[in-house]
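Peer 1: Here's my sequence, what's the structure:
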Amino acid sequence: MTSTGSFVIVVGFDGSKNSQTALKWAMDEARQRNGHIRLVTVWSKPPLSWFPALLETAAGEIVTEDSPEQLAATVQADALKTAESEGVAATGQIVHSDSPASAIINAAKDADLVVVGARGHGGFPGLDLGSAATQIITHAPCPVLVVRPKAS
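Peer 2: Numbers count the residues shown, from 1 in each chain. From the prediction side, this is the model:
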């Protein structure tokens, strides 16, 4: 346990189905251990992009697209509300980084456990284990639980 006496669980959360499953698992674990969840949501700005991006709909309307930072804040706020509604203590951290794995590993320096989904929104949907999960397993300073979806 950390020096605060509370069991700290870092959860990598990007809003993907796998990260939602990881959050559910972490909430159950936090309840059993009277622990605290630290949600980490990482965003990066695509190269050569600027926001707000203006888009034209099929009906000819002009709409703005949220920035990656705004999307990360929205995703995390929803996850924090879920934890609160389940009676689990949780805080959030939104990090600008090109490496989600590095951001989660840094957030876990004083944690007791890291929980991540097997893969997130990455570009290779056929992979069983994403690159961020692989890096976190290899470099985390504490135990790591990788949550996979149930087989259908």
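Peer 1: My read is that R119 contacts L129, right?
Peer 2: Yes - R119 is within contact range of L129, at 6.5 Å (criterion: Cβ atoms under 8 Å). Where C-beta positions appear, they are placed from N, C-alpha and C, glycine not excepted.
Peer 1: which of the two has more neighbours?
Peer 2: Applying other Cβ atoms under 10 Å to R119 and L129 shows that R119 carries more neighbours, namely 25 against 13.
Peer 1: Setting aside sequence neighbours, what's the nearest residue to that one?
Peer 2: Nearest residue to R119, sequence neighbours excluded (Cβ to Cβ, 6 or more residues apart in numbering): G130, at 3.4 Å.
Peer 1: try D78
Peer 2: With Cβ to Cβ, 6+ apart as the criterion, D78 has its nearest non-adjacent residue at 7.6 Å, and that residue is G15.
Peer 1: and what of S16?
Peer 2: Spatial nearest neighbour of S16, chain neighbours left out: G120 (4.7 Å); criterion: Cβ to Cβ, 6+ apart.
Peer 1: Show the contacting residues for the one you found.
Peer 2: Residues in contact with G120 (Cβ atoms under 8 Å, 6 or more residues apart in numbering) are 12, 14, 16, 18-19, 100, 130, 132.
Peer 1: which of these lies closest to L39?
Peer 2: L39 has its nearest neighbour among the contacts of G120 in G12, at 8.4 Å by Cβ to Cβ.
Peer 1: how many other residues sit next to the closest one?
Peer 2: By other Cβ under 10 Å, 30 other residues sit near G12.
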